[in-house]
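Trainee: no sequence on this one, just coordinates:
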DNA sequence: CAGAAAAAATGCGTGCACGCAATTTTGCGA
DNA sequence: TCGCAAAATTGCGTGCACGCATTTTTTCTG
């Protein structure tokens, strides 16, 4: 897609970017997030400290990028991979769940690291916004012809929902002094499975997706057997 | 509710906060956003530079706070002010529109200032997240008894949608270099009226709200008191 | 009303994000 | 193959965000 020759220059940039984020993560794990100086990260990646700042705006961003790296690429593919007949809501939901279920090699170790420092956790949560752009594109494609506002809003809503889910997921300790009570019932699930939490969090948005799709095709009831055998 | 005496200490804090943001905005307008040193802001507010940083994490945040200050307070009230019979989607939408339609005294001047510098624009957009918490509370109240996940997600989605709308609204002003035909009186109001834009952007979320409300009352369970046709 | 405890304000030091301008690297066409 | 223009890298300087320890202010108890 418009990148048969990805460009040699661009390759080098991506290589540098990867080297930087890998170095950042490795050092952060080795000696703790606070004991990593950007000078060391830059050196480990073979660039100057100033160049490091051309790639990442903060130390936390670099570290977190090591796990959120190609998420934005995979998310679009994952949605596109769903059969065309699938409800858009389901396609997006399952694609999102898929992204956060991989449990990469050092994912556990990294997640533990992130929960430790607040700044890292925030950076991690902010990184969910990265899926917004790809999602907007893929949703707009499926909703071709609908109101131009719809796709961006739905994509942003999904990103926001994911952020909510992750927020609640890695929150077991340290509560927030809230001014308003949210009911006497149980507030947040105590760190159940992340996939289930994501599904539950995205569920409230399904009607919006259905309506957007329905507006697309006025006829034919969408009563397809929503079997998610995966 | 728990604040008959808002606390004398808390009052002083809010006063200081207000003094800081007002000073920040005034100085930013007077001499441009880049020519304001935090030392001056602090001095104008009668506190030390270090104290300033206890209130705001960045210069941009302080400046922007001057216009987004009590938005989070007003938004909840605005929703609550809507008649009980109103669709929640409409109540929220109109409440949001109301917040961004006031056009305060120096709003025009300030908006122009914000469009100029990218950092300010970003801070302004990030400030929309402030309505998330109040919205969550008020929505959860109206949806009392529903899935605990719903309210936070809907609130976050609304905030995201508002951000999208604002983003698109103050877009055309790219760089701050070329001023060939924009003119001095050229207010940056590209895509029609902001209220309409907000409504259009929030529209895709309405089905989600409707579904949430419908799920609330499957069969007129929740007793509606005497008719309050107001 | 005194004295202690909690909370905020302040000073200081450190690391760093980022603008700017000079330098090196990369890509492209003659 | 040889420049030349665009893009990336780098060094430098400036302001500043934020942790930490100290001092001042406010609130709570006896």
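Mentor: That came through fine. Everything quoted here is computed from the prediction, not taken from an experiment. Numbering: from 1, shown residues only, chains lettered A, B, ... in the order given.
Trainee: so residue A:64 makes contact with residue A:122?
Mentor: No. Using C-beta atoms under 8 Å, residue A:64 is not in contact with residue A:122; the gap is 9.3 Å. C-beta here means a position set from N, CA and C on the backbone, and glycine is covered the same way.
Trainee: Check the secondary structure at residue A:84 for me.
Mentor: Classification of residue A:84 by DSSP: H, G, I helix; E, B strand; the rest coil places it in coil.
Trainee: Around it, how many other residues sit close by?
Mentor: Residue A:84 has 7 neighbours, counted by other C-beta atoms under 10 Å in any protein chain shown.
Trainee: what are the phi and psi values for residue A:143?
Mentor: Torsion angles at residue A:143 (phi, psi; degrees, to the nearest 10) stand at phi -100, psi 20.
Trainee: Contact residues of chain A facing DNA strand C?
Mentor: A:7-10, A:12, A:36-39, A:50, A:52-53, A:57-59 (C-beta under 7 Å from any atom of the strand).
Trainee: Could you tell me which of those count as buried?
Mentor: By neighbour count, with 16 or more other C-beta atoms under 10 Å in any protein chain shown, those hold A:36, A:38, A:52, A:59 as buried.
Trainee: State the distance from the residue nearest the centre of chain A to residue A:72.
Mentor: For chain A, the residue nearest the mean C-alpha position is residue A:128 (3.7 Å; C-alpha atoms, centre = their mean). Per C-beta to C-beta, to the nearest Å, residue A:128 is found 10 Å from residue A:72.
Trainee: which secondary structure elements does the helix-or-strand element of chain A with minimal mean pLDDT contact?
Mentor: Lowest on mean pLDDT, DSSP states H and E among the helices and strands of chain A sits helix A:107-116, with a mean of 84. Identification of packing neighbours for helix A:107-116 by 3 or more C-beta pairs under 8 Å, 6 or more residues apart in numbering or on different chains; DSSP states H and E yields helix A:8-31, helix A:59-68, helix A:118-126.
Trainee: so where's chain A shaky on pLDDT?
Mentor: Scanning chain A for pLDDT under 70 picks out A:1-7, A:103-106, A:172-192, A:215-230.
Trainee: any idea where the helices of chain A begin and end?
Mentor: Using DSSP state H, the helices of chain A run over residues A:8-31, A:38-45, A:49-55, A:59-68, A:71-81, A:88-99, A:107-116, A:118-126, A:132-142, A:150-169, A:194-202, A:206-216.
Trainee: nearest to residue B:158, of those helices?
Mentor: With C-beta to C-beta as the measure, helix A:150-169 is the member of the helices of chain A nearest residue B:158 (8.6 Å).
Trainee: Which residues are in contact with the closest residue to residue A:34 other than its chain neighbours?
Mentor: Sequence neighbours aside, residue A:117 is the residue nearest to residue A:34 in space, at 7.3 Å (criterion: C-beta to C-beta, 6 or more residues apart in numbering or on different chains). By C-beta atoms under 8 Å, 6 or more residues apart in numbering or on different chains, the contact set of residue A:117 is A:33-34, A:60.
Trainee: quick one: residue A:154 and residue B:204 touch, right?
Mentor: Yes. Using C-beta under 8 Å, residue A:154 makes contact with residue B:204 at a distance of 6.1 Å.
Trainee: Mind listing the shared neighbours of those two?
Mentor: A:208, A:212.
Trainee: Quick check: the spatially closest residue to residue A:22 that is not a sequence neighbour vs residue A:76, distance?
Mentor: Take residue A:22 and drop its neighbours on the chain: the residue closest to it by C-beta to C-beta, 6+ apart is residue A:66, 6.0 Å away. The spacing between residue A:66 and residue A:76, counted by C-beta to C-beta, is 20 Å.
Trainee: try residue A:97
Mentor: 15 Å.
Trainee: one step back: okay, the buried ones among the residues of chain A next to DNA strand C in JSON lines with distance to chain B next?
Mentor: Rendered in JSON lines, the data for these read as follows (distance: C-beta to the nearest C-beta, whole Å):
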{"residue": "A:36", "distance to chain B": "21"}
{"residue": "A:38", "distance to chain B": "19"}
{"residue": "A:52", "distance to chain B": "20"}
{"residue": "A:59", "distance to chain B": "16"}
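Trainee: between those, which is closest to residue A:139?
Mentor: Proximity of these to residue A:139 was ranked by C-beta to C-beta; the top entry is residue A:59 with 33.1 Å.
Trainee: got the contact list for the nearest residue to the closest one once chain neighbours are set aside?
Mentor: Counting by C-beta to C-beta, 6+ apart, residue A:59 lies nearest to residue A:38, which is 5.9 Å off, once chain neighbours are set aside. By C-beta under 8 Å, 6+ apart, residue A:38 lies in contact with A:49, A:52-53, A:59.
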